[in-house]
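Asker: What shape does this take:
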Amino acid sequence: MTVNKILLGCTVLCAVVSCNNTKKATHLISEHEALHWSYSGETSPEHWVEIEKNSDCGGKHQSPINIVHTTVDSVQNKDDLHILYTPSTLLSHVDNNGHSIQFNFEEGDSINYKNKTYYLKQIHFHEPSEHKINGIIYPIEMHLVHVGKTGEITVLGIFGEEGYESQLFEFFESFLPLESGDSKEIHQKIDLSCLLLNDKHYYSYSGSLTTPPCTENVNWIVFKEPFILSEPEVLTLKEAMPLNNYRNQQALNGRVVHYNY
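Answerer: Got it, this is the predicted structure:
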């Protein structure tokens with residue numbers, strides 16, 4: 001999950017064009033330009049602990065993880081999570097930060113998780129997925145990064161699988177290709193409420209950012225049901241990002257994963 005550079009798929013366009021963070025939050029969302037980490041070679045995830053000596057990358061509560069359904073703690077209650085997306089949130093710009101394609105939002109859409117409000121800051125993608133369910137790796141994982149007023153982070157992780165075309169992804173990809181280091185202004189409305197995330201089952205656990213500085217105490221919500229996008233849409237995202245921009249599976253180290261249904 002790349003905060004440093006943030007669904008059963010919608011088959012109808014998600015109402016595109018209508019359908020002041022704390023210092024801590026700003027730091028977590030901004031690029032970590034001083035680092036030269038990557039996904040391969042001597043700066044690959046296996047070496048992030050060496051690159052970021054004062055980071056959490058060697059911590060005990062790291063992400064991503066493999067979620068084994070038979071070992072989770074099932075909770076018949078989804079009241080902890082409320083998706084408060086509206087049709088009027090502004091998508092401000094898109095970046096190719098060299099690690100992923102990242103769509104950035106002006107303050108508007110939010111979620112409420114365990115009675116705290118977190119604002120949607122950005123959406124980015126990993127190919128293939130970082131999290132797994134029962135060892136299954138999906139072609140794409142979307143991360144929707146939300147930050148609270150005092151810097152706490154909650155990330156929604158949504159798998160993508162190949163099937164039919166998604167008009168939502170057609171919209172996202174209309175701003176691609178984008179060379180590494182480039183940015184495009186967008187300033188258009190997008191309605192993510194049609195993703196119907198309030199109706200989905202999800203896993204939850206305490207983890208970390210999946211890129212340096214690997215900050216821990218991140219609330220992770222990983223939806224069981226994937227969104228659907230076409231094979232060409234998967235390939236477009238793949239071609240726009242570094243090859244295999246994912247971190248390897250991390251140990252649970254006694255953490256409990258909850259299944260909310």
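Asker: Every contact and neighbour count from this point should use C-alpha atoms.
Answerer: OK.
Asker: Run through the residues that contact residue 57.
Answerer: By CA atoms under 8 Å, 6 or more residues apart in numbering, the contact list for residue 57 reads 48-49, 212-215.
Asker: now it: how far from residue 209?
Answerer: 9 Å (CA to CA, to the nearest Å).
Asker: just to revisit the earlier point, out of the contacts of residue 57, give me the one that has the most neighbours.
Answerer: Highest neighbour count within the contacts of residue 57: residue 214, with 27 neighbours (other CA atoms under 10 Å).
Asker: Then residue 233 would be within a helix, right?
Answerer: Yes - Residue 233 forms part of a helix when assessed by DSSP: H, G, I helix; E, B strand; the rest coil.
Asker: for the contacts of residue 57, which one is nearest residue 89?
Answerer: Taking CA to CA as the measure, residue 89 sits nearest to residue 215 out of the contacts of residue 57, at 27.3 Å.
Asker: so where do the strands sit in the stretch 101-250 of the chain?
Answerer: Along the stretch 101-250 of the chain, counting by DSSP state E, counting those that start in this stretch, strands occupy 101-105, 110-113, 116-126, 132-133, 140-148, 153-162, 183-190, 202-208, 216-223, 227-229.
Asker: closest to residue 248 out of those strands?
Answerer: Using CA to CA, those put strand 132-133 closest to residue 248, at 10.3 Å.
Asker: residues making contact with the closest one?
Answerer: 65-69, 138.
Asker: Now with 7 Å, please.
Answerer: With contact meaning CA atoms under 7 Å, 6 or more residues apart in numbering, strand 132-133 is reached by 65-68.
Asker: now it, how far from the chain's geometric center?
Answerer: In terms of CA atoms, centre = their mean, to the nearest Å, the centre of strand 132-133 is found 15 Å from the chain centre.
Asker: quick one: average pLDDT of that strand?
Answerer: The average pLDDT within strand 132-133 is 98.
Asker: Same question for stretch 253-261.
Answerer: Here the average pLDDT along stretch 253-261 is 95.
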